[in-house]
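In: Got a sequence here, can you build the structure:
(one chain, ligands or ions: 3)
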Amino acid sequence: MNESPNRNHSRRALYYYIAAILIILVINTIITPMFFKPRVQEVTYTNFLKMVDEGKATKVEINQNRIALLCNKDGKDQIYVTGRVDDPELVNRLVKANVEFSQVVPREESPISKFFNNWILPFLIFMVIGQLIMRFLGPKMGGGNMMSFGKSNAKVYIEAQTGKTFKDVAGQDEAKEALQEIVSFLHDPSRYNAIGATMPKGVLLVGPPGTGKTLLAKAVAGEAKVPFFSISGSEFIEMFVGMGAARVRDLFKQAQEKAPCIVFIDEIDAIGKKRDNGSFGSNDEREQTLNQLLSEMDGFDGSKGVIILAATNRPEVLDKALLRPGRFDRRVPVELPDLQGREAILKVHSHDVRISPDVDYHAIALATSGASGAELANIVNEAALRAVRMGRQIVIQEDLEESVEVVIAGAQRKGAVISQDEKKIIAYHEIGHALVAASQTASAPVHKITIIPRTSGALGYTMQVDTEEKVLMTKEELFNKIVTLTGGRSAEEIVFNKVTSGASNDIEQATKLARAMITRFGMTEEFDMVALETVSNAYLGGDASLRCAPETSARIDEAVFETVKKAHAKARDILNGHREKLDELAAYLLKKETITGDEFMAILKGQNPDDPEPAASDAMQKANPDAVQPA
Ligand code: ADP
Ligand code: MG
Ligand code: ZN
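Out: Ligands and ions are numbered 1, 2, ... in the order given. The predicted structure follows:
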């Protein structure tokens, strides 16, 4: 059995104090006498007289029962003391030896103050140092303070301490509304109690990473003006078995004392995972902690005004017991922001950045479909950094656009050495994508094409426009997307009659799309509306797992091959039909390295792209980087 954390801690403190006492002992008995001879030394009366006679004394002081003699030995003052003897000769002797004498004795250290200075004071100093050390190491060792083992360690925020309010959270209006209700309940529970309404005890914020769950919780603290305990799920299970449960207990005890208040458990999946994963004694500590949490949630009285907020991006792994009524029975989804939400988030984060007033946030929001709040915040910051790098005082549109690309495809790799032959292949590949996209209806227009390599490994990419936010895609649009993805490779085949590894990313995406059309979107006649795949963790990449018989699986593969092959053939047809444009555009891209959608369209329409024509820069859509991966 593991040792309890409390004992471990007190033992550590005990060792510390034993060491402290040993050090003080050594200093007092060995070091001090060796280096600091006592200035006051006791001598016999005979020796005292001898010193006076030998003329060593410089001064003598006498009081009722003690005599002190000051002499100068090797340039150092030294005091000798002796008991006073009834000696009538003494005064004569002193006069004879020509020693100055008087009636006062130098103040000697009292034994009590000596004991205090040499023993008690050093020990007190050690104790203070010990407390400081424990306090600094405390959070890491899970200790807090030496005197408070097993404390929950939750940070307590009160009112404006988080500095966040709902104003800092852009988009997420539904989530804010749901949380606003909780805030107003905490302000005035009686209003709710009067009508007989009870607040849920627990509220679970679910959504993909970076959508602002933690931020929302902090904003609730800022709005609610009640104590706010914040702790991360992983903090419960750091060191010892039993510690997590102890912390949960302590956290709830503190919370009930401070009610009304909010307890926020971030990343609750760290402790809240399903317990029935079969393996024997899988994770004792986690289970204990979870059980403690469950029983604490049942134990407290919700009408007192303690509300538990929790956040996770893996709601599907949570133990069912956590989600049943009376515990986390309210779910607040915090989804990826939509077009308006993205625009609002960009604006919130640009607030403290010196940014040009004519920046078009809408265009950037359009370009970043699928980006989370955290990514958008990052884009604004990258843009500001770029502005500084460029020696500008102010952030302009170009900075934002470039940083969108940096976030999507990585920074430009200016130093990369790519041979002219390879560049030519890359140029044809990208124009292949763009030309196929432009030649199809129901396909997002081209915004930008570049063959400047990126640190992510992309050798070039084609950005496509969507003029507005899309939430639905038709079967035709999906198929056209696959055709566009195969366009790069098709161009290589047609022009160079050989294939390269440069299409690996396209291949992956095309396959994924084709598969999803069949297994998840019900877009084939053969399989109709049957779900053949289920997506497990929707918020983290969304891995799909097949749910069908092996024969069905084989037929699905068949259908995927067919779809991709059909798309590939269509792309080749399109490019063969535009062979001259393909050459012309590729040559232009090779020369310029980066071209805009307007230049692209101009050449396609047979105009001169270098005509100075003020074309409105329109929005872009997700880039489609071409990564090279070793086969
Ligand atoms: P999560 O906890 O959901 O993973 P966070 O709350 O930690 O995400 O968000 C990380 C950062 O992203 C925040 O500090 C904030 O700067 C930014 N952010 C995310 N969502 C939003 C939003 N809706 N409004 C403003 N900023 C946001
Ligand atoms: Mg978080
Ligand atoms: Zn490609």
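In: give me phi/psi at the residue in the chain positioned nearest to ligand 1?
Out: Closest to ligand 1 within the chain is G373: 2.1 Å, counting by C-beta to the nearest ligand atom. The C-beta positions use only the backbone N, C-alpha and C, and glycine is treated the same way. Backbone torsions of G373, given as degrees, to the nearest 10, read phi -60, psi -40.
In: isn't it right up against P337?
Out: Yes: assessed by C-beta atoms under 8 Å, G373 is found in contact with P337 at 6.1 Å.
In: Overlap in contacts, these two.
Out: A170, G171, T211, I345 (C-beta atoms under 8 Å, 6 or more residues apart in numbering).
In: what's near enough to touch the second one?
Out: Okay, so that is G171. By C-beta under 8 Å, 6+ apart, the neighbours of G171 are G212, P337, D338, Q340, G341, R342, A344, I345, G373.
In: buried subset of the residues you listed?
Out: G212, P337, G341, R342, A344, I345, G373 (16 or more other C-beta atoms under 10 Å).
In: from the residues you listed, which single one is nearest ligand 3?
Out: Using C-beta to the ion, R342 comes nearest to ligand 3 of the buried ones among the contacts of G171, at 26.0 Å.
In: Could you look up the SS state of that closest one?
Out: Under DSSP: H, G, I helix; E, B strand; the rest coil, R342 falls in the helix class.
In: I'd like the numbering to begin with 24 instead of 1 from here.
Out: Done: numbering now begins at 24, and the last item shifts to R365.
In: ok, and the closest non-adjacent residue to it?
Out: Of all residues not flanking R365 in the chain, A388 sits nearest, at 4.0 Å (C-beta to C-beta, 6 or more residues apart in numbering).
In: would you list every one of the helices in the stretch 24-173 of the chain?
Out: 28-49, 55-58, 68-76, 113-119, 134-138, 144-164 (DSSP state H, counting those that start in this stretch).
In: Export the fifth one to PDB, keeping only CA atoms.
Out: Same thing as helix 134-138. The C-alpha trace of helix 134-138 is given here as PDB (Å, rounded to 0.1, in the frame of the first residue of the first chain):
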ATOM      1  CA  PRO A 134      22.700  33.300  30.400                       C
ATOM      2  CA  ILE A 135      19.100  33.600  29.200                       C
ATOM      3  CA  SER A 136      19.800  36.000  26.300                       C
ATOM      4  CA  LYS A 137      22.900  34.000  25.400                       C
ATOM      5  CA  PHE A 138      20.800  30.800  25.200                       C
END
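In: Run the chain-centre distance for that helix.
Out: How far helix 134-138 lies from its chain's middle: 55 Å, per C-alpha atoms, centre = their mean, to the nearest Å.
In: Same question for stretch 72-89.
Out: That offset, for stretch 72-89, works out to 76 Å (C-alpha atoms, centre = their mean).
In: Near ligand 1, which residues of the stretch 174-323 of the chain are found?
Out: By C-beta under 6 Å from any ligand atom, the residues of the stretch 174-323 of the chain that approach ligand 1 are V192, A193, G194, Q195, P232, G233, T234, G235, K236, T237, L238.
In: and those residues, which of them are in helices?
Out: The helices, defined by DSSP state H, take in K236, T237, L238 from those.
In: Tally up the residues packed near the first one, please.
Out: One way to gauge burial is a neighbour count; for K236, by other C-beta atoms under 10 Å, it gives 27.
In: In this structure it contacts L227, no?
Out: No: here K236 lies out of contact with L227, judged by C-beta under 8 Å, at a distance of 9.8 Å.
In: shared neighbours of those two, which are they?
Out: In contact with both K236 and L227: A334, using C-beta under 8 Å, 6+ apart.
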